[in-house]
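Just need the structure, nothing else, for what follows:
(4 chains)
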Amino acid sequence: MDIKFSAEDVAFRNEVREFFAAEYIGEATTRLGDSQSTDYKSAIVGWQKKLHAKGWIAPGWPKEYGGTGWTSTQKFIYETERGLAGIPDVVPFGLKMVAPVIYTFGSEEQKARFLPRILNSDDWWCQGYSEPGAGSDLAALSTSADYAGDNYIVNGRKIWTTFAQYADWIFCLVRTSKGIRRQEGISFLLIDMNTPGITVKPIVTIDGKHSLNEVLFEDVAVPTENLIGEQDKGWTYAKALLAHERTGMAEVADSKRMLEGLKQRATTEINGGKPMIEDPVFQMRMSDIEMELMALEYTELRVFASMAAGGMPGPESSLLKIKGTEISQAIHELQLQLAANYGGALAGDLSSDELGHDFAAEARGKYMYGRAATIYGGSNEVQRNVIAKAVLGL
Amino acid sequence: MDIKFSAEDVAFRNEVREFFAAEYIGEATTRLGDSQSTDYKSAIVGWQKKLHAKGWIAPGWPKEYGGTGWTSTQKFIYETERGLAGIPDVVPFGLKMVAPVIYTFGSEEQKARFLPRILNSDDWWCQGYSEPGAGSDLAALSTSADYAGDNYIVNGRKIWTTFAQYADWIFCLVRTSKGIRRQEGISFLLIDMNTPGITVKPIVTIDGKHSLNEVLFEDVAVPTENLIGEQDKGWTYAKALLAHERTGMAEVADSKRMLEGLKQRATTEINGGKPMIEDPVFQMRMSDIEMELMALEYTELRVFASMAAGGMPGPESSLLKIKGTEISQAIHELQLQLAANYGGALAGDLSSDELGHDFAAEARGKYMYGRAATIYGGSNEVQRNVIAKAVLGL
Amino acid sequence: MNFEFSEEQTMIKDSVSRFVREQYDFDTRRGIIESDDGISREFWTMFAELGWLSVPFAEEYGGFGGNVVDIAAVMEEMGKGIVVEPYASTVVVFGGLLSASTNAALKEQVIPSIIEGNCLGSFAYMEPQSRYEMSDVSTTATASGDGYTLNGVKTVVANGGTANKFVVSARTSGEQFDHSGVSLFLVDATAPGVDVKAYKMMDGQSAATLTLTDVAVDQGQLLNAAGGGMGLIEQVMPQILIGLSAEALGIMATLNTLTVEYSKTRQQFGAPIGSFQVLQHRMVDTFMGCEQTKSMLYRGLCESKSVAEGETDAVALAKTVHALKATVARYGKIIGEEAIQLHGGIGMTDELNIGHYVKRLMMINTSYGDGDFHQKAFNQLSYSA
Amino acid sequence: MNFEFSEEQTMIKDSVSRFVREQYDFDTRRGIIESDDGISREFWTMFAELGWLSVPFAEEYGGFGGNVVDIAAVMEEMGKGIVVEPYASTVVVFGGLLSASTNAALKEQVIPSIIEGNCLGSFAYMEPQSRYEMSDVSTTATASGDGYTLNGVKTVVANGGTANKFVVSARTSGEQFDHSGVSLFLVDATAPGVDVKAYKMMDGQSAATLTLTDVAVDQGQLLNAAGGGMGLIEQVMPQILIGLSAEALGIMATLNTLTVEYSKTRQQFGAPIGSFQVLQHRMVDTFMGCEQTKSMLYRGLCESKSVAEGETDAVALAKTVHALKATVARYGKIIGEEAIQLHGGIGMTDELNIGHYVKRLMMINTSYGDGDFHQKAFNQLSYSA
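As a prediction, this is how the structure comes out:
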């Protein structure tokens, strides 16, 4: 019963901190944080190339393909420090989503062709899973890929595709055969976004921003060499990836940083001449969250510790996404509560002095967009179904 | 949009108040409130006979059978005043449960035989519906009644039978045929508790008290003349009764009285030298409940008003039981929170001075037994299923 | 006892309802918000012609002579269409303050122009430091000759972009938090020294920062006795809170209806999502939340009437309207969040109406105090010695 | 980094676990509670022989030299059997106070007798007016000759019916609520002037009202410097709260397991109730609540170690144990109530074990401060300027 790090790990942590402090400069922060700015893509790519230069772009990859070779402890430390420093994660679609599928299930040609460009952020990837009729129930997808000699001819619609407007490539689940079980007959295709027949339509979300898209495929010819593994086995590959995605979704470090921000702001928001942080009721609202987060931090540590010890994560790992998203939403809510009337202001060109408030826009944006956290990546309802079945045996 | 009562109704309210003030004396209060005291039954019967003498024992009955002939407004006023005065309701099994079935579906002989004795509290009735395998799913019942000439031979077990230890009669749902639908083949039987083969076994509940029982039937011969209506149609009669039971389960007046008590006690419970009622956090806990109750009071009024206007209660009536029970449980919880460490004390012979506290036992008893409120009479889960289907059309 | 609207009330309710259904569809609303003005002047003129702008005003000024029940009837239907024209700001709040004013000349001058649709109004009370505390007023009204000079900043002033006139709270005496010493002035948007920086709110309505620099006002612009502004505000507050809550109720009911309907058609895992028990129970909870809110609104309406007829004391009504606004906050939040969650991805889009209903509900929540603020005010009235 | 118990800790944990499974079934427990003593002296002697009573004590007194992790290991397993023998009261609380005492003679005298099973102890701190405030002490210790005279009333004294000795808080100086001036005395249950009125608690354990009338104590009965009692209490509080929380965790896990199992067998509407999605999600929530509680307990254990090793300040630990007790309160309540609700009628009966687990959980909640009390203490440490 001990959470101490070894001297080597402490040294590593210091190295990470120093690197972030030196290289992740304020200017980048702003640009990386604002997905609506015109140079968002170049800012992200620039920062990721810097990480690549340091050799830290792909902690999750096996060393042979360009991974860091870190221990689980080092990975954990790296992620924690990144979150505490407020540095956004790398764009996951290439590095964390398609790459593991490619290096696990892809051919040697595919590995050689795609992995280096992913490492160097030369290609921007996006994900083509969800469809209008297939959300939490992914297996209901109907985008078709018909085999035609050297190509698959793809027809259908993908939706909720983050940053498709920037993407060079999209990885898709498509239906190649009508199997008996819906999960059968699905294949995993890599598609060049410049192929004729692809249309990207922006989706503006309730925070007024554009990061999601619809991607339409009309007779899009995809070379068969872009098929991952075997035809009709795509569901297996995707499932392996989803399991990969599920660990580390608690985002404890991010929530800790947000909560610190909340406390700071509660000292400057005044009601009746008293800072909100002194209000006994608001204190309860804060500690309702802070206590959950303190526990979740240790739940995450427990998961990490059993993985570091070479074991599988225990049942407690299943709650990371549910609790993590509930906590971050709860922080967003309090942030917005603090912003009071200002929370709804689309102040446009007004300075915060002219508006009378300085974090209202951020509070609103986080709250609104944050509603998605319990919907995507398997809604929290689906997560609970999964725990009921897998953990409780119901 | 108006909640005013007519002058006649105000006069009636005053009459009710005066009667309760004059006739419902303190001594009776104590005895009626303690189901564990040895003279509980005689106290209840005494009070009910007094009500009968006044002609007020059966507000729900049609006038021809001995009902009061009151308007819905008068019934509402009567129930409200009773709750506010803290007077327990009449024991419902005879007056409110079996009597409506008898006067609606019974034969003339049955009416003549049973109704006058119910009105005069000469017979104490209990209810034989639930079985070990049939709780919220009542239709799963398996107690059998086999037709044998002049008698039905009853075998089986009924459970959760309130006050069976005092009862002269029990009304039962029994299975007379194995129908295709489980609801078919059920009959409604009236059974004399003195019939050979009936055993009553006490069930002690988690509040340490005995009001529930198991009733065992072993080859109990019940004359066929005690069958209500037609054989195999009992489910229909019981369902009609359940609908009858569902209105007026919000118990707003009782909760209002309890909440007043809670506030009083919050002024005398001290923490750190300050009464709990001044604690901002405890205030929030109280007003969470009080506000819900203020709304529920008007929900009840809305239901009542549409019934008084001769209409059917609207969809809002369906929430009365759910919200009513949730509110009363929430009050119990706060009461127990106020009682602090004393809440668990089975102080026995110790006076409240010796114990150091005066409402702990009551708070514990209400909390513990109150857990049943969301279980019996159709659990709140079943209630929500019903609303989803009947009101929302899901 | 009855909870029906009168024949007259039903008529006006139906007429607003018909307008929303037949003329105020979602695309029309979007077009209005994206227009330069951000509101439809044609519709506003129509509101005047249909008599909606006259609802709460006394007959001597050309009003309909209605009460809060009439206001609630109109506002609930406006909520169902999330109408962005500033009815609440102009008629319920600004108009309510003027109706309660003791300045007959001022009333005669302004009320008819509201009714005719020629005056859009707003109440400027909030300041950068004040949050929801109405009596936290540091805008100053310094006596000067026959009148006063106003200096200060008012923030998030509702309908700030289009209002012709503002009721402005300013301090004629006392310290920053003092209850007495706050005075209410009618100030023209174009008066010298008035600077209006307008912007949009997320619900499509406008707001503004109002900077007052040496704005000269005379005694005739006072709504009631100098220093007695808080009394007037408190008198009108039940009407304001009831009006906004009625609008919220219309929104909540609409969100629930849309969500239940969607759940019947949206298929996942081979069944409509409305067949999943967990979602059913949550929709039952939002249904109950909406009904409880309606009950609390009706309580406010009935008690308003009793207070007007001198049968109930104002404290009981104040408790109820605080509870009402807190109830709107509580269930509004749950209903809005469940509506988005149950709609899933599509609920996150700007294209769907759901998010827009939710945003207006959120803005109502922060208008004139959020849930915690009102619950604490309720506690103050209920549990203080 | 690891969250495993050491080999030694695992051994003792297993041994308590085996005892509970093999010797402490529900009927045995009921028999013990209904016996005159209300506890089993045989089992207590066995506890001594197995070394359980020696766990947290220093080796110099014959102890095992364990720490809070050892205590948590034992208490969690005791919780699974809702063992009524006063381990928490005697070993964790009373023993903890003595271990932290600076009075070497007293320690030498009492600790070995605890370890041998000859001394049952209790901490008498609560008074009729004090609720959960430890420093609200009106029991007086008046200097008298070489010692003091104690007068006052202590209520709901845990293990009051069987304790041989009490640590009693009394005021040697200061006013009623003063933090300083509280002193801790070791008082014999049979000392002249000590009146013990014992009764049962709903969890089967005993409690008592302790009336002290001119009870003479000498300097040697002081646990530490006169007036410095609160410091000693605060030093031991993490151990007390962790011990009780570990017991609660054992209960919560047991309730969850029993409920999930029951839901798989109980048939309603033609299916096991565990197949209903609403109940599934609620059992997922109680599962998560239990895991979060465990994580918070582990946080407390790790930080206790850090504090003992001088690496973390005591405030961080104090925050954590307040949060831990508040978490136990929150999830304990939900888990207990869901266990009864999901068991339905049978969950309401005294015959089934469910209600008894729930009652002990409820008693833990009110021991040494309930959820709101500890959350407010947490707030005080976290959000005060």
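
Which stretches in the chain count as helices?
You didn't say which chain, so I picked chain A. Assigned by DSSP state H, the helices in chain A fall at A:7-23, A:26-33, A:40-54, A:72-85, A:92, A:99-105, A:108-119, A:234-246, A:252-268, A:280-308, A:319-339, A:352-355, A:360-370, A:380-390.

my bad, chain C
C:7-23, C:26-34, C:41-49, C:68-80, C:87, C:95-100, C:104-115, C:229-265, C:277-308, C:314-343, C:354-366, C:371-383.

Chain D: which of the ones you listed is closest?
Each of the helices of chain C was scored for nearness to chain D using Cβ to the nearest Cβ, and the closest is helix C:277-308 (4.3 Å). For glycine as for every other residue, the C-beta is placed from the backbone atoms N, C-alpha and C.

elements contacting that closest one?
On a contact count with 3 or more Cβ pairs under 8 Å, 6 or more residues apart in numbering or on different chains; DSSP states H and E, helix C:277-308 meets helix A:380-390, helix B:280-308, helix B:320-339, helix B:380-390, helix C:68-80, helix C:229-265, helix C:314-343, helix D:277-308.

Could you pull out the buried residues of the last one?
Translated: helix D:277-308. Of all the residues in helix D:277-308, those buried under the rule 16 or more other Cβ atoms under 10 Å in any protein chain shown are D:277-307.

And the second one, by the same measure?
For helix B:280-308, burial by neighbour count (16+ other Cβ under 10 Å) applies to B:280-308.

now do the first one
Of the residues in helix A:380-390, those buried by neighbour count under the rule 16+ other Cβ under 10 Å are A:380-388.

domains of the chain?
All of this is about chain A. A:7-90, A:125-233, A:247-390 (automatic domain parsing).

hm, I was asking about chain C
Recorded structural domains for chain C (assignment: automatic domain parsing) are C:7-119, C:122-226, C:230-384.

Redo these as a markdown table? Include mean pLDDT.
Below are the domains of chain C laid out as a markdown table (pLDDT from 0 to 100):
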| stretch | mean pLDDT |
| --- | --- |
| domain C:7-119 | 97 |
| domain C:122-226 | 97 |
| domain C:230-384 | 97 |
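
so which of these gets nearest D:Ile346?
With Cβ to Cβ as the criterion, D:Ile346 lies closest to domain C:230-384 of the domains of chain C, at 22.4 Å.

what's the span of stretch A:142-154, first residue to last?
11 Å (Cα to Cα, to the nearest Å).

what does the stretch 201-350 of chain C have sitting close to chain B?
C:260, C:263-264, C:274-275, C:277, C:280-281, C:283-285, C:287-288, C:291-296, C:298-299, C:301-302, C:305, C:320, C:323, C:326-327 (Cβ under 8 Å from any Cβ of the partner chain).

What residue, apart from its backbone neighbours, is nearest the residue in the stretch 151-300 of chain A that chain B sits nearest to spatially?
Of all residues in the stretch 151-300 of chain A, the one sitting closest to chain B is A:Pro280 (4.1 Å; Cβ to the nearest Cβ). Once flanking residues are discounted, A:Pro280 sits nearest to B:Pro280: 4.1 Å by Cβ to Cβ, 6 or more residues apart in numbering or on different chains.

my guess is the one you found meets C:Asp372, correct?
No: B:Pro280 lies out of contact with C:Asp372 (Cβ atoms under 8 Å); the separation is 10.5 Å.

For A:Ser351, give me its contacts.
Not one residue lies near A:Ser351 by Cβ atoms under 8 Å, 6 or more residues apart in numbering or on different chains.

For D:Val358, see how far away it is.
Distance, A:Ser351 to D:Val358, using Cβ to Cβ, to the nearest Å: 57 Å.

Same check on A:Ile159?
47 Å.

In terms of packing, which of the two has more residues around it?
D:Val358 (26 against 23; other Cβ atoms under 10 Å in any protein chain shown).

And that one, how close does it get to chain A?
D:Val358 is 20 Å from chain A, where distance means Cβ to the nearest Cβ, to the nearest Å.

Not counting sequence-adjacent ones, nearest residue to that residue?
Distance criterion Cβ to Cβ, 6+ apart; nearest residue to D:Val358, sequence neighbours excluded, is D:Gly336 at 4.0 Å.

what's the burial count for the one you found?
The burial count for D:Gly336: 24, using other Cβ under 10 Å.

Contacts only, for it.
Counting by Cβ under 8 Å, 6+ apart, D:Gly336 touches D:255, D:357-358, D:361-362.
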